[in-house]
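# Give me coordinates for this.
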Amino acid sequence: MKLKVTVNQIPYEVEVEVDDSPAGLPVVNIGGGAGGGGAAAAASSGSGSGVAAPLAGSVRKILVEVGQEVEVGEVVAVLEAMKMETEITSPVAGKVTKILVDVGAAVQGGDQIIDIG
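Numbers count the residues shown, from 1 in each chain. You can find the predicted model right below:
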């Protein structure tokens, strides 16, 4: 593919190769980090399994509701840290029993954000 690029008011014609194959990037589920002990961790009921924040940030979106069935790897929440969004996936399959944080809440790595039973 040929492109026309202008740098400092000087036009250049550039030929580039385009890889049409899909990237196929894997979803990475990062376990809870060191620290924790924040409000969300204290609020955890301790029953069943849970979804932990992999890093410190603020809760941007909660994508599930109490009573909803989730699968392993399903995106259940989105955190924002340093102007970047991180999708948080469920480490287990089951039913959401409790949402431990509100949208906008600050969490630390390792804090429980959702209980799954």
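# Which strand residues bridge the residue most central in space within the chain?
Centroid check for the chain by C-alpha atoms, centre = their mean gives residue 87 as the closest residue, at 1.6 Å. Per DSSP bridges, the residues bridged to residue 87 are residue 78.
# Thought residue 80 was touching it, still the case?
No: shown here, residue 87 and residue 80 do not form a contact pair, counting by C-beta atoms under 8 Å, at 11.1 Å. Backbone N, C-alpha and C define where each C-beta goes, glycine included.
# re earlier: just the pLDDT at the residue nearest to the centre of the chain, thanks.
You'll see residue 87 listed with a pLDDT of 93.
# Repeat that for the one 5 residues further on.
pLDDT, the model's per-residue confidence, is 92 for residue 92.
# what does residue 25 give?
As predicted, residue 25 sits at a pLDDT of 56.
# how many neighbours does the residue nearest to residue 11 when sequence neighbours are not counted have?
Once flanking residues are discounted, residue 11 sits nearest to residue 4: 6.0 Å by C-beta to C-beta, 6 or more residues apart in numbering. Residue neighbour count, defined by other C-beta atoms under 10 Å, stands at 8 for residue 4.
# Residue 4 belongs to a strand?
Yes: per DSSP: H, G, I helix; E, B strand; the rest coil, residue 4 lies within a strand segment.
# check contacts around it.
Counting by C-beta atoms under 8 Å, 6 or more residues apart in numbering, residue 4 makes contact with 11, 12, 13, 14.
# quick one, strands of the protein?
2-7, 10-15, 49-52, 57-62, 69-70, 75-81, 84-89, 94-99, 106-107, 112-116 (DSSP state E).
# Could you tell me the end-to-end distance of stretch 70-89?
End-to-end span of stretch 70-89 (C-alpha to C-alpha, to the nearest Å): 10 Å.
# just to revisit the earlier point, for residue 74, see how far away the residue nearest to the centre of the chain is.
10 Å (C-beta to C-beta, to the nearest Å).
# ditto for residue 97
Distance, residue 97 to residue 74, by C-beta to C-beta: 15 Å.
# again with residue 5
Using C-beta to C-beta, we find residue 5 at a distance of 42 Å from residue 74.
# Specify which residues of this structure, grouped into ranges, have pLDDT under the cut-off.
Within the chain, the segments meeting pLDDT under 70 span 20-48.
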